[in-house]
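A.B. asks: how does the following fold in three dimensions:
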Amino acid sequence: MSERCVVVLGADGQLGHELCRTLAPLGKVVGLGRRNPALAFDLQSPAAACATIEGLRPALLVNAAAYTQVDKAEAESALAHALNAKAVGALGACAARLGIPVVHYSTDYVFDGQAERPYVEDHATAPLNVYGASKLAGERALLASGAASVVLRTSWVYASRGQNFLRTMLRLATSQPRLRVVADQHGAPTWARSLAGATALMVAKLGFDSASWQPYQGVYHLTNAGQTTWHGFAQAILDEARGWPGVVAEGVDPIPTSDYPTPAARPRYSVLDNGKFKRAFDLALEPWDVALKLCMADLSAR
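C.D. replies: Next comes the predicted model:
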């Protein structure tokens, strides 16, 4: 295996897919996921996953694998913590033994949504749901593992493939004349390709020597710029899809969170301040509405 090998965990997910593309210029990318018959990996078996990673001897480990079913996690707390916390700590220990840096992704749901301005990294965390608590525990486990690691908290991730809000809205728009979407939760929709691209540029700046990562180790916020509500996001999606074959929805009606109860509570405000990442790496993502147009153009072309 090439010395300059980059291992991406969760390669068959929406973010993992984009990471495999954007990291390719930096080395040989090996994507590990449940659908890869040659190099299958499962976070439920962290020891086996670590054995696979050690066999590959990568120069970098990028973890985009996670338990992401926010509502289902309320009933599967043990599983969510096993995948999002315990396994992440084990991966960090593995990377520390190999002396390689790690990039890991976390979530805006580590916050309770009571802020009035974008959250900075050292704002007090207080997850409202099991998913957020498990991801917060994973951050802490990785940073305590001894690996040179960067944790990127992001929000409302979507892509032109996979299961996400964008694709759900497009599916509903083909069967419902009007959509009803929550309008009192605020955040920043983030295109997986934007997130992956910034990750690759960050890695290019830091290189593959763990020592060069040490001064930058810690948590950073990274989302597309700006903010909106789920309703605003849905309306923008519908505006971009107007005239597409099969789309019949004519508009999106705003509703309060109370009209759409879910097992897991969501923060009413989870906008993240990206200033720390920009200062450290001189990088920033484009506004969320610009990213959406690019994603929709990609989806339309395919």
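
A.B. asks: quick check: beta-bridge partners of Val7?
C.D. replies: Counting by DSSP bridges, Val7 is bridged to Val30, Leu61.

A.B. asks: against Leu91, how distant is it?
C.D. replies: Noted for Val7: a distance of 10 Å to Leu91, by CB to CB, to the nearest Å. Every residue, glycine included, has its C-beta placed from N, CA and C.

A.B. asks: need the overlap of contacts for those two.
C.D. replies: Residues touching both Val7 and Leu91 comprise Ile53, Leu61, with contact defined as CB atoms under 8 Å, 6 or more residues apart in numbering.

A.B. asks: for Glu240, give me its contacts.
C.D. replies: Leu292, Lys293, Met296.

A.B. asks: so it lies in a helix, does it not?
C.D. replies: Yes: assigned with DSSP: H, G, I helix; E, B strand; the rest coil, Glu240 falls within a helix.

A.B. asks: list the buried residues in the helix or strand bottoming out on mean pLDDT in the chain.
C.D. replies: Least confident helix or strand of the chain, by mean pLDDT, DSSP states H and E, is helix 46-56 with a mean of 87. Neighbour counts over helix 46-56 (16 or more other CB atoms under 10 Å) mark Pro46, Ala49, Cys50, Thr52, Ile53, Leu56 as buried.

A.B. asks: could I get these as JSON lines with distance to Val203?
C.D. replies: Output for the buried residues of helix 46-56, formatted as JSON lines (distance: CB to CB, whole Å):
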{"residue": "Pro46", "distance to Val203": "23"}
{"residue": "Ala49", "distance to Val203": "21"}
{"residue": "Cys50", "distance to Val203": "21"}
{"residue": "Thr52", "distance to Val203": "21"}
{"residue": "Ile53", "distance to Val203": "17"}
{"residue": "Leu56", "distance to Val203": "17"}
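
A.B. asks: which one of those residues sits closest to Pro256?
C.D. replies: Pro46 (40.7 Å; CB to CB).

A.B. asks: what's the closest non-adjacent residue to the closest one?
C.D. replies: Excluding its sequence neighbours, the residue lying closest to Pro46 (CB to CB, 6 or more residues apart in numbering) is Ala90, at 3.8 Å.

A.B. asks: before we move on, back to that, elements contacting the least confident helix or strand of the chain?
C.D. replies: strand 5-9, strand 28-32, helix 87-98 (3 or more CB pairs under 8 Å, 6 or more residues apart in numbering; DSSP states H and E).

A.B. asks: how about a cut-off of 6 Å?
C.D. replies: Counting contacts by 3 or more CB pairs under 6 Å, 6 or more residues apart in numbering; DSSP states H and E, helix 46-56 packs against strand 5-9, helix 87-98.

A.B. asks: so that helix versus strand 5-9, what angle?
C.D. replies: Angle of helix 46-56 versus strand 5-9, following axes from the mean of the first three to the mean of the last three CA atoms, to 10 degrees, is 160 degrees.

A.B. asks: what segments of the stretch 1-150 of the chain are helices?
C.D. replies: 14-22, 46-56, 77-81, 87-98, 130-143 (DSSP state H, counting those that start in this stretch).

A.B. asks: reformat the ones you listed as a markdown table; add distance to Leu195.
C.D. replies: Converted to a markdown table, these look like this (distance: least, CB to CB, whole Å):
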| stretch | distance to Leu195 |
| --- | --- |
| helix 14-22 | 6 |
| helix 46-56 | 22 |
| helix 77-81 | 22 |
| helix 87-98 | 18 |
| helix 130-143 | 15 |
